[in-house]
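# sequence first, predicted model second:
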Amino acid sequence: MKSLFLMLLTFHLHAIEIIDKSIDFDNIRVSLTKEYIQTRYNIKVNSITISPRIIVVHWTAINDFKESFNRFVNPKLPQDRAQIQKASALNVSTHFMIDRDGSIYRLMDETSMARHVIGLNYSSIGIENVGGKDNIDNLTPAQLEANIALISYLQKKYPQINYLIGHHEYTQCIDNPLWLEKDKHYRTHKFDPGISFMQKLRQYFPQLQACTKAKP
């Protein structure tokens, strides 16, 4: 069983193909990101560079790649995101997006901070999967395979990464030292990417932890 796991992991490490498709990351977005870090985390920074420690897996809640991509592309939040608008005008973003057929797209630099998860943006890489409309787990086998390949690649590139969580699990990280959000009332309820998807994914990465109170 262990040798089969290693064979699969080796295959995925060599099989990965990443397509660069950048969102707008202009001076406005950089400025808003710095403002977010200072306002939400009480940290003043000169750059938005991060050292990734956590991978957070999401779904877009939209079943179309183009429509999903367009939600991230602009630096400022669209008007229909009132629930998180009060926290910042910075638009949500993600480092990677995986289409229904398993194609992997890199939307921004892996070591720049993205706004994709409350409390953990400053130490995490976000992976969005196209799908999950109406909070239904409809992610495809091709997306699971692509997530395995991408996480394997990221783990090898950034060996300091030791956490893997689904977006729906983010509040379990509140007592972790990597948690930075200062407002205890700023929380949103998430379903993505679903318990089943994360269970399947974790079979390949037993060495990556869920959030605990242990030191990061």
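Yep, it's here. As the structure is a prediction and not an experimental result, all values here were calculated from the model. Numbers count the residues shown, from 1 in each chain.
# CA atoms for contacts and neighbours, from now on please.
Will do.
# hmm, who's touching the lengthiest helix in the chain?
In the chain, with assignment by DSSP state H, the single longest helix is helix 141-157. Around helix 141-157, the neighbours that count as contacts under C-alpha atoms under 8 Å, 6 or more residues apart in numbering are 9, 12-13, 15-16, 55, 98-104, 129, 161, 197, 201, 204.
# if you count neighbours, what's buried in that helix?
143-144, 146-155 (16 or more other C-alpha atoms under 10 Å).
# could you list the buried residues of the next helix or strand after that helix?
For helix 141-157, the following helix or strand on the C-terminal side (DSSP states H and E) is strand 163-166. Neighbour counts using 16+ other C-alpha under 10 Å place 163-166 of strand 163-166 among the buried residues.
# can you check stretch 101-120 too?
In stretch 101-120, counting by 16+ other C-alpha under 10 Å, buried: 102-120.
# low-confidence stretches in the protein?
Applying pLDDT under 70 to the chain picks out residues 1-14, 212-216.
# which element, helix or strand, includes the residue nearest the centre of it?
Taking C-alpha atoms, centre = their mean as the criterion, Gly126 is the residue nearest the geometric centre of the chain, at 1.5 Å. Element membership of Gly126, judged by DSSP H and E, is strand 124-129.
# hey, C-alpha coordinates of that strand in CSV?
Output of strand 124-129 as CSV, limited to C-alpha atoms (Å, rounded to 0.1, in the frame of the first residue of the first chain):
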residue,chain,number,x,y,z
SER,A,124,-1.6,30.5,3.2
ILE,A,125,-1.9,29.6,-0.4
GLY,A,126,-5.4,29.4,-1.8
ILE,A,127,-6.7,26.8,-4.3
GLU,A,128,-10.1,27.4,-5.8
ASN,A,129,-12.0,24.6,-7.6
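# what strands line up against it, and which way round?
Taking DSSP bridges as the criterion, strand 124-129 forms sheet pairs with strand 54-59 (parallel), strand 96-98 (parallel).
# on that earlier part again, off-centre distance for the longest helix of the chain?
Averaging C-alpha positions (C-alpha atoms, centre = their mean, to the nearest Å) puts helix 141-157 13 Å from its chain's average.
# also stretch 116-129?
4 Å.
# what does stretch 50-67 give?
4 Å.
# okay, how far is it across it, tip to tip?
28 Å (C-alpha to C-alpha, to the nearest Å).
# which parts of that stretch are buried?
50-63, 65.
# likewise stretch 16-25?
Judged by neighbour count (16+ other C-alpha under 10 Å), stretch 16-25 contains these buried residues: 16, 22-23, 25.
# ok so, going back, now flag whichever of the buried residues of stretch 50-67 is closest to Lys76.
For these, the minimum distance to Lys76 (C-alpha to C-alpha) is 17.5 Å, reached by Thr60.
# list the contacts of the closest residue to the closest one other than its chain neighbours.
Using C-alpha to C-alpha, 6 or more residues apart in numbering and skipping the chain neighbours, the partner closest in space to Thr60 is Val130 (5.2 Å). If a contact means C-alpha under 8 Å, 6+ apart, then Val130 has 59-65, 68, 97-100, 139 as its contacts.
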